[in-house]
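> Below are the sequence and a predicted model; questions follow.
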Amino acid sequence: MKSMKPRKQRRELYNAPGHIKRNWISSHLEENLLIKYDKRAISVIKGDTVRVMRGSFKGHEDKVVKVDVKRSFLEIEGITMSKADGNKIAKPIHPSNVMITKLNLTDKWRRRKLERGLSEETKKEIEKEAEKQIKEVEEEERRKEEEAKKLEEEKEITEEKEEKPEKIEKSKEIDKKEQKIPPKPKTKKEEIKKPEIKEKTSSTKKPSEKDKKPSKEVKVKTSKEEEEVK
């Protein structure tokens, strides 16, 4: 920072853009890493193993879960605090209160920065460590996927077991409804009415054309015979 006045320093710190704030989230390296990479401090990223040097969690060592650039804080596994309602949340820790014990080398951009000005032997060591870490990450992802699949299968089995008795009860209810009710005995009035209806329908039939023609012929013949007789 340019100014020595605290007022201006705070203003610059809170109003700085994200890409500058990200570089300020850095912490010291452990002694063996300092000698290996010839660097005193480096920016912290997700996946770095870190040891807390100050505060109530002093001596706690675990991986970084999240880097909050806006507030310039870190979230570390196993460090939590309880709220007034009883729920637990991650406790934010400032990067100045932390020391890096192991670097996450899966990011190729970070490897390039570390390899600047180093010998070829150290570069090869960095690449080997990076390959190991990448394999470990892939194995963890596979393990998590397998666990998730197992949980899904167990849920499906439990749901099927719960659904079976319900289905049996529903099928029983349907069978009871579908049972045929015996027909009611016919009364005497219904038995008498049915044949009367049939007779009426048969009597109301219209005569066909064939039936009409012979009747006309018969009438003509009868008239002629009467004239002859007279």
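Arrived safely, thanks for sending. Quick caveat: nothing in here was measured; it's all calculated off a predicted structure.

> Just the pLDDT at residue 110, thanks.
Looking at residue 110, its pLDDT stands at 90.

> Specify the local secondary structure of it.
Look at residue 110: counting by DSSP: H, G, I helix; E, B strand; the rest coil, its state is helix.

> Around the nearest residue to it once chain neighbours are set aside, how many other residues sit close by?
Excluding its sequence neighbours, the residue lying closest to residue 110 (CB to CB, 6 or more residues apart in numbering) is residue 45, at 6.8 Å. Every C-beta, even on glycine, is put in place using the N, C-alpha and C of the backbone. When counting by other CB atoms under 10 Å, one arrives at 17 neighbours for residue 45.

> need the contact list for residue 31.
Applying CB atoms under 8 Å, 6 or more residues apart in numbering to residue 31 gives no contacts.

> and if we set it to 10 Å?
Going by CB atoms under 10 Å, 6 or more residues apart in numbering, residue 31 touches residue 99.

> same check, this time on residue 80
57, 87, 88, 89, 90, 91.

> on that earlier part again, quick check: the residue nearest to residue 110 vs residue 123, distance?
20 Å (CB to CB, to the nearest Å).

> Repeat that for residue 105.
12 Å.

> in the strand ranked longest in the chain, what counts as buried?
Using DSSP state E to define each element, the chain has its longest strand at strand 61-68. Going by neighbour count (16 or more other CB atoms under 10 Å), the buried part of strand 61-68 is 61, 64, 67.

> got TSV for these, with distance to residue 137 too?
Listed next are those as TSV, based on distance: CB to CB, whole Å:
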residue	distance to residue 137
61	19
64	14
67	17
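
> circling back to that earlier point, for the contacts of residue 80, pick the one with the most neighbours.
residue 57 (19 neighbours).

> Would you quantify the distance from it to residue 77?
With CB to CB as the criterion, residue 57 and residue 77 are 11 Å apart.

> again with residue 37
Going from residue 37 to residue 77 by CB to CB gives 24 Å.

> to the chain's geometric centre, what's the distance from stretch 96-104?
For stretch 96-104, the separation from the chain centroid amounts to 35 Å (computed by CA atoms, centre = their mean, to the nearest Å).

> what's the domain layout of this structure?
What automatic domain parsing lists as the domains of the chain is 1-104, 105-161.
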